[in-house]
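Peer 1: Okay, predicted coordinates and the sequence, questions at the end:
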Amino acid sequence: SRLSASLCTRSVRRMHSRAALSHVDAAGRAAMVDVSDKPTSARSATARAVVLLGPVAYKALVEGTNAKGDVLATARIAGLLAAKKTADLIPLCHPLLISHAAVEFDLCATRHLLTITASASCAGGTGVEMEAMTAASVAALTVYDMCKAASKGIVISELRLLQKSGGKSGSWHASEA
């Protein structure tokens, strides 16, 4: 309703006035942060996503019987490509020259799940948290796409930043949250 939209708009405006959001200008509009004066420094980040496959899709994955081929190899390549293309996907991300990216997998047979850990690093004026998170999420989506024939009930969860280092704010670990 119009009243609900009005209340939500006011809440967003109040939120912007209370918090210093880096991607919002003085008028409350989305804006890309100017990083031209930031010094170049080594940056790194690690993110995680969890894919709850269920017993049928998990079995196909570990036995290598998935009809679409090698799920983990494809998901790894998709995650690496996503890290490099983050600025094309997330509107206010700066294009970065990624110096390294990695996607690793951990299988848990008792819970039929796959943990995806993605990392990215660069030397630049802004961090690589979004690149690591994008790599983890696209790798997880690729696993879903390749395994959905075995189970439509696959759940992607727990996408989160695990750690970041570099830049003005220094290091941060999820255990500090």
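Peer 2: Arrived safely, thanks for sending.
Peer 1: Isn't residue 23 up against residue 34?
Peer 2: No. Residue 23 is beyond contact range of residue 34, at 11.2 Å (criterion: C-beta atoms under 8 Å). Using the backbone N, CA and C atoms, a C-beta is placed for each residue, glycine as well.
Peer 1: out of those two, which sits in the more crowded spot?
Peer 2: Ranked by neighbour count (other C-beta atoms under 10 Å), residue 23 and residue 34 place residue 23 first, with 12 against 9.
Peer 1: tell me the contacts of the more buried one?
Peer 2: By C-beta atoms under 8 Å, 6 or more residues apart in numbering, the contact set of residue 23 is 30, 31, 32, 33, 92.
Peer 1: Can you pick out the most distant pair from these?
Peer 2: Greatest spacing in the contacts of residue 23, by C-beta to C-beta: 30 and 33 (10.7 Å).
Peer 1: Beyond the helix or strand bottoming out on mean pLDDT in the chain, next helix or strand please.
Peer 2: The weakest-scoring helix or strand in the chain, judged by mean pLDDT, DSSP states H and E, is helix 2-18 (a mean of 50). Remark: after helix 2-18, the chain's next helix or strand is strand 41-52, criterion DSSP states H and E.
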